[in-house]
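[1] Would you be able to build a 3D model of this:
(one chain, ligands or ions: 1)
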Amino acid sequence: MSVYKHLMESRSRYKAGYLVLIDPDARPLNETAEFARIISKAGADAILYGGSLITDDGFTEKLKAVREASDIPVILFPGSVGQVNSHVDAILYISVISGRNANFLIGDHVTSAIQIKRSGVETIPTGYMLVESGKVTTAEFISGTRPLPAHKPELALAHALAGEMLGLKMLYLEAGSGAERPVPNDMISIIKKYVQIPLIVGGGIRNPETAREKVLAGADFIVTGNVLEDGENLDLLEDFVKTVHGEK
Ligand code: 1GP
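    Numbering: from 1, shown residues only. Below is the predicted model:
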């Protein structure tokens, strides 16, 4: 089964799907693998792997270990073209449609297209929409793009509709890793109302209650990253799974 199909099945089985982002820099190799095992056992639907800025040279080694340790799909979430890698089940093939940086819209895709085609890895075309969240995030800085204003849901809707009309298969509404404020509920709701493709929501979600709010607003998938990087918060993992999956 394709990873996209697996995600769509999770989406129809539960209230929303739950994805955990592993930051390749956050832990040493053996702990990264153990973290992946825990995420997989807890019932998350997939692991995202990648980041806006990578400083550790064990990127691929850790990726292989993550894949080996987990029973769920591992999806590359590339912060840059240098992270494109064949040791994954799929690539979140993101185009930063909230921005006007040609490299992040199409340029890097061209650079890596032949390599990806040769590897045979599944691509999931995803419109990535950065939303202003209180402070400059790494994603904003590295992408060199202006995020969408948080108080302009209709502007976000226009971008989401354009992404859907272009044939993208998913949208990722992103406040940015470690965001002070997650994506506002009214923005999620208006997009959900008019756009049919699934909506991933992430950035700054630090507790199951906030995740629940985003699901109620219309998120099809919730992503958490930072909150579980702190070992003391690992207890929250099962709560996140239960809350996001909910009762259908
Ligand atoms: C970042 O949306 C993800 O791309 C996760 O964000 O680390 O803030 O949970 P956090």
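[2] contacts, neighbours, all on C-alpha from now
    Fine.
[3] Name the next helix or strand following the lengthiest strand in the chain along the chain.
    Among the elements of the chain assigned as strand by DSSP state E, the one spanning the most residues is strand 122-130. Next in sequence after strand 122-130, counting helices and strands by DSSP states H and E, comes helix 138-143.
[4] what's the helix or strand for the residue in the chain sticking out farthest from the centre?
    Ranked by distance from the centre of the chain (CA atoms, centre = their mean), the top residue is residue 118, with 24.3 Å. Element membership for residue 118, per DSSP H and E: helix 108-119.
[5] For the residue positioned nearest the centre of the chain, give the beta-bridge partners.
    By CA atoms, centre = their mean, the chain has its centre lying nearest to residue 223, at 5.7 Å. In this structure, residue 223 bridges to residue 19, residue 202 when assessed by DSSP bridges.
[6] Am I right that it is in contact with residue 201?
    Yes - with contact defined as CA atoms under 8 Å, residue 223 and residue 201 form a contacting pair (6.2 Å).
[7] on that earlier part again, on contacts alone, who are the packing partners of the longest strand of the chain?
    Strand 122-130 sits against strand 90-96, helix 153-165, strand 170-174, with contacts defined as 3 or more CA pairs under 8 Å, 6 or more residues apart in numbering; DSSP states H and E.
[8] Out of these, flag the one nearest residue 72.
    Comparison of the helices and strands packed on strand 122-130 against residue 72 by CA to CA identifies strand 90-96 as nearest, at 11.6 Å.
[9] elements contacting the closest one?
    Strand 90-96 packs on strand 74-76, strand 122-130, going by 3+ CA pairs under 8 Å, 6+ apart.
[10] Quick check: what element follows it along the chain?
    Secondary structure here is assigned by DSSP H and E; on that basis, the next helix or strand after strand 90-96 toward the C-terminus is helix 102.
[11] Can you give the distance from that following helix to the centre of its chain?
    For helix 102, the distance from its own C-alpha centre to the chain's C-alpha centre is 21 Å (CA atoms, centre = their mean, to the nearest Å).
[12] Show residues contacting it.
    Taking CA atoms under 8 Å, 6 or more residues apart in numbering as the criterion, no residue outside helix 102 touches it.
[13] for the record, mean pLDDT for that helix?
    For helix 102, the mean per-residue pLDDT is 98.
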